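Student: this is a predicted model, with the sequence first.
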Amino acid sequence: MFGLERMRALHAVATHGTVAAAAVALHVTPSGVSQQLAKLEREAGQRLLEPHGRSVRLTTAGHVLARHAERILDQVEQARTDLELLRDDVTGTVRVGAIPTTVHALLPPALALLRDRHPGLEVTLEEGEAEETLPRVVEGALDVAVLESWEHRPVVVPGTTSSTTLLHDVADLVLPASHRLAHRKTVDLAEVDDVPWIGWSAGSGCLDWLTHVLRRHGVNARISCTIGNYPTQLALVAGNVGAAVVPRLGRDSVPDGVRIIATRPALNRTIYAVTRAEDAERGAIRACVDALTVASERFQNLT
């Protein structure tokens, strides 16, 4: 059986390079580190350190055990965090900003789960695009932002934040049933050059993304309608007003007169929960992100 403090000493030497530096990191004396390593060598039955000039270095066995030590210490820290979360009185307020498709599909089950698990926690929710909510997380006006990042137009997340991947989604082409391509299973967007387009609200990142995607495919982006919800976009497509690109997470039902067609190549996005890195392990915020993660599991088969 390897003692945890001895594994910690080995990991510190592997990380910091010398016994002296490991002692500083662990707030103990160098002789204390050396004693722990000597005991660990006896437990392992192999030499873990060898002389190297005026210092020491890990042997092959030392490197192998150090990699295991890193994983073990990570698991111990995670266990401590999880237990702290159980002890936390998860109360107060968590402020969440989320993109519309997740407000509609993901947030209701997540908030219901939070209410059951932590009845003393109050959640405020507002709808907003990434360009609105992400800066507010950074400045502290929001605690959690649920946002999207498109494969060919990713959101730049500041280094002061922590991101949790919730799910992967795909956007499909939506055409009127009478359109000449409506019978196809897959379509290159470059082929859709004879109808206007229906996009998200003017000035939004979603509209910029659609314009960018259409231009990449050589399509003249004639956007005739800008509508901030997907059910209305689908209704307009059914009315033969134009074509749209709609994520699968944003579709509960498809009206008559509409055909859903996969694009070639696929239009992929990832949904993230973003918090300030310094707050990521706070009980209330961790509980919120955990609930979002659990609620996302039912949507794992969208792609």
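Tutor: Happy to help now that I have it.
Student: all helices for the chain, in order.
Tutor: In the chain, the helices defined using DSSP state H lie at 4-16, 19-26, 30-44, 60-87, 100-105, 107-117, 130-139, 205-216, 230-238, 283-296.
Student: got CSV for these, with mean neighbour count too?
Tutor: C-beta coordinates here come from the backbone N, C-alpha and C atoms, glycine included. Converted to CSV, the helices of the chain look like this (neighbours: other Cβ atoms under 10 Å):
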stretch, mean neighbour count
helix 4-16, 20
helix 19-26, 18
helix 30-44, 17
helix 60-87, 14
helix 100-105, 21
helix 107-117, 17
helix 130-139, 18
helix 205-216, 18
helix 230-238, 20
helix 283-296, 22
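Student: could you dump those helices to a markdown table with distance to P247?
Tutor: What follows is the helices of the chain, written out as a markdown table (distance: least, Cβ to Cβ, whole Å):
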| stretch | distance to P247 |
| --- | --- |
| helix 4-16 | 42 |
| helix 19-26 | 46 |
| helix 30-44 | 52 |
| helix 60-87 | 32 |
| helix 100-105 | 6 |
| helix 107-117 | 15 |
| helix 130-139 | 14 |
| helix 205-216 | 10 |
| helix 230-238 | 8 |
| helix 283-296 | 14 |
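Student: for the lowest-mean-pLDDT helix or strand in the chain, packing partners?
Tutor: Ranking every helix and strand in the chain by mean pLDDT, DSSP states H and E puts helix 60-87 at the bottom, with a mean of 80. Contacts defined by 3 or more Cβ pairs under 8 Å, 6 or more residues apart in numbering; DSSP states H and E place helix 60-87 against helix 4-16, helix 30-44, helix 283-296.
Student: and G62, which of those helices is closest to it?
Tutor: helix 4-16 (6.9 Å; Cβ to Cβ).
Student: the closest one vs helix 60-87, what angle?
Tutor: Relative orientation of helix 4-16 and helix 60-87, computed by axes from the mean of the first three to the mean of the last three Cα atoms, to 10 degrees: 110 degrees.
Student: all numbers from here: first residue = 837
Tutor: Right, with 837 as the first residue, what we last looked at is helix 840-852.
Student: hmm, who's touching helix 840-852?
Tutor: Here helix 840-852 makes contact (Cβ atoms under 8 Å, 6 or more residues apart in numbering) with 855, 857-862, 869, 872-873, 875-876, 879, 884-885, 892, 894, 898-899, 901-902, 904-906, 908-909, 912.
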